[in-house]
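A.B. asks: Below is the structure, and that's it, no one-letter string:
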């Protein structure tokens, strides 16, 4: 009771009514001000800001017509090889000479293109239907390269036509020369099987690599041209690599998807 009486007496003392009241220390006011500013900035960004997302998927640089696997129509021993890897062939050009029981037979190319793999060698015994070469369909040396990116089927719907793509090329140092620029030109309507990818690329092992996680959707990326680079294509750096690009080179595509707001407002 004694403490309560002292408190009442202190409140009734008029000489203490003119003393200033301290609500908070200066340090506390500074923390409060900073908190208010941060919350205001976060609220403004939540309403007006956007968040960009990126989708990455594996792919390969190639020509739009794809490749085909040349198979031997006869059984016998290879006695001569006319073609060379990396060289172009005309349609119907001789590739191999095979000695058979009915005499020497010449295996010829089906369509014009560039030999990307030559399986048969002199002395090799081939059977009817055996793979002897892989030929990439190209009309000439000026055929433009494209990037075929194999996107997981459950993510393909998020990729819009015209989206910008940054390509990390396996044969090019990203630290020195940057990334290859491109834009989405076409999107496949359905997921592709290993057999279909292998038929287009002419490579069963690559087809198996691209379908490890299931049948993907093929996305065709057109590379951006540039007259100031050695490769003839645009890069994230000024000059890009000091050499031309080869087809059938592995690459990884990073798709820049449409920007989204961080908060979706729900209206009644």
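C.D. replies: Received, thanks. Note that the structure is predicted; figures quoted are calculated from it, not measured.
A.B. asks: which stretches of the stretch 51-200 of the chain have low pLDDT?
C.D. replies: Regions of the stretch 51-200 of the chain meeting the criterion pLDDT under 70 cover residues 51-52, 141.
A.B. asks: Helices of that one, start to end?
C.D. replies: Listed in chain order, the helices of the stretch 51-200 of the chain (DSSP state H, counting those that start in this stretch) span residues 174-177, 194-201.
A.B. asks: residue ranges for the strands of the chain, please.
C.D. replies: Shown for the chain, the strands assigned by DSSP state E span residues 54-62, 67-71, 76-81, 88-89, 94-100, 103-108, 113-118, 125-126, 131-136, 146-152, 164-169, 180-187, 216-223, 249-256.
A.B. asks: Same list (the helices of the stretch 51-200 of the chain) but as JSON lines, adding distance to residue 99 and mean neighbour count.
C.D. replies: C-beta coordinates here come from the backbone N, C-alpha and C atoms, glycine included. Formatted as JSON lines, the helices of the stretch 51-200 of the chain follow (distance: least, C-beta to C-beta, whole Å; neighbours: other C-beta atoms under 10 Å):
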{"stretch": "helix 174-177", "distance to residue 99": "48", "mean neighbour count": "13"}
{"stretch": "helix 194-201", "distance to residue 99": "30", "mean neighbour count": "18"}
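A.B. asks: Out of those helices, which gets nearest to residue 129?
C.D. replies: Among the helices of the stretch 51-200 of the chain, the nearest to residue 129 by C-beta to C-beta is helix 194-201 (14.9 Å).
A.B. asks: so how far is that closest one from its chain's centroid?
C.D. replies: With C-alpha atoms, centre = their mean, to the nearest Å as the basis, the distance from the averaged C-alpha position of helix 194-201 to the chain average is 19 Å.
A.B. asks: before we move on, what about stretch 102-117?
C.D. replies: On the basis of C-alpha atoms, centre = their mean, the separation between the geometric centre of stretch 102-117 and that of its chain is 34 Å.
A.B. asks: Over to stretch 187-194?
C.D. replies: If you compare the mean C-alpha spot of stretch 187-194 with that of the full chain, they lie 16 Å apart, counting by C-alpha atoms, centre = their mean.
A.B. asks: what comes up buried for it?
C.D. replies: Judged by neighbour count using 16 or more other C-beta atoms under 10 Å, the buried positions of stretch 187-194 are 187, 188, 191, 192, 194.
A.B. asks: How about the contacts made by the second one?
C.D. replies: Neighbouring residues of residue 188 by C-beta atoms under 8 Å, 6 or more residues apart in numbering: 156, 217, 218, 219.
A.B. asks: next one: the third one
C.D. replies: By C-beta under 8 Å, 6+ apart, residue 191 lies in contact with 153, 214, 215, 216, 217.
A.B. asks: got the residues you listed as JSON lines, with distance to residue 55 and neighbour count columns?
C.D. replies: Below are the contacts of residue 191 laid out as JSON lines (distance: C-beta to C-beta, whole Å; neighbours: other C-beta atoms under 10 Å):
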{"residue": "153", "distance to residue 55": "13", "neighbour count": "16"}
{"residue": "214", "distance to residue 55": "16", "neighbour count": "9"}
{"residue": "215", "distance to residue 55": "17", "neighbour count": "16"}
{"residue": "216", "distance to residue 55": "12", "neighbour count": "25"}
{"residue": "217", "distance to residue 55": "12", "neighbour count": "21"}
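A.B. asks: now, the most widely separated pair of those?
C.D. replies: Spatial extent of the contacts of residue 191 (C-beta to C-beta) is set by the pair 214 and 217 at 10.5 Å.
A.B. asks: Pull up the overlap in contacts between the two.
C.D. replies: Contact with both residue 214 and residue 217 is made by residues 152, 153, 191, according to C-beta under 8 Å, 6+ apart.
A.B. asks: about what we covered before: out of the contacts of residue 188, which one sits closest to residue 111?
C.D. replies: The shortest distance between residue 111 and any of the contacts of residue 188, using C-beta to C-beta, involves residue 218 and amounts to 20.9 Å.
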